[in-house]
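Student: just need the structure, nothing else, for what follows:
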Amino acid sequence: MKKILAFAGSNSSTSINQQLLDNVLGRIRSHEIKEINLTDYPLPIFSEDIEKNEGFPINATIIKNLILENDALIISVNEHNGGPSAFFKNIIDWLSRINKNFLEDKKILLMSTSPGKRGAQSSLEYTRNIFGRFGGEVVESFSFPSFKDNFDDGKVINEVLDMGIEDVLTTFAHQIEN
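Tutor: From the prediction side, this is the model:
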């Protein structure tokens, strides 16, 4: 049994990425999952001056330690204007300053959704690319399009998308076991 840390990269109380994450986590039975809400770990906007004068914020260190304590990550990233939200990018900025390889040896399932047909693909691609720079390995990813048309009351209502998620989870589970 592997330990998995899961979170959405959104700070919205009505996050559709959080809803998608909750659906996916409800399907995983054979691993220990710790789900966190990143808004429980507020951070100042990254600044070299803050780092120099005050050091690393304790919440950044807590998030880093949570990542270290787990074998794998499941992350759902949101998109603002074609990229990850400033909220999520700020967390990555702080973590990478504490340790450039803060994702070292972590296998990652990365997903995204949006109300649009592209399902936050730009944010997904950006995040997939930068995670490799920090030592992480995105072993599976998927973009969930048109959230409001394909998801209702905590469930995926599009049968094809639902089967696709099951396939991704099967592959991810296999990858983290090796």
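
Student: residue 42 is in contact with residue 59, isn't it?
Tutor: Yes. Counting by Cβ atoms under 8 Å, residue 42 does reach residue 59; the two are 6.2 Å apart. Quick note: C-beta positions are derived from backbone N, CA and C, even for glycine.

Student: these two: who's more crowded?
Tutor: residue 59 (16 against 10; other Cβ atoms under 10 Å).

Student: any idea how far residue 41 is from the more buried one?
Tutor: Residue 59 sits 4 Å away from residue 41, taking Cβ to Cβ, to the nearest Å as the criterion.

Student: for residue 32, grab the count of nearby residues.
Tutor: Each residue near residue 32 was counted by other Cβ under 10 Å, and the total is 12.

Student: please name the residues that touch residue 62.
Tutor: Going by Cβ atoms under 8 Å, 6 or more residues apart in numbering, residue 62 touches residue 41.

Student: make that residue 54, sorry
Tutor: Going by Cβ under 8 Å, 6+ apart, residue 54 touches no other residue.

Student: 10 Å instead?
Tutor: Residue 54 makes contacts with 44, 47, as judged by Cβ atoms under 10 Å, 6 or more residues apart in numbering.

Student: what's the overlap in contacts for residue 59 and residue 41?
Tutor: The contact sets of residue 59 and residue 41 overlap at 91, 94 (Cβ under 10 Å, 6+ apart).
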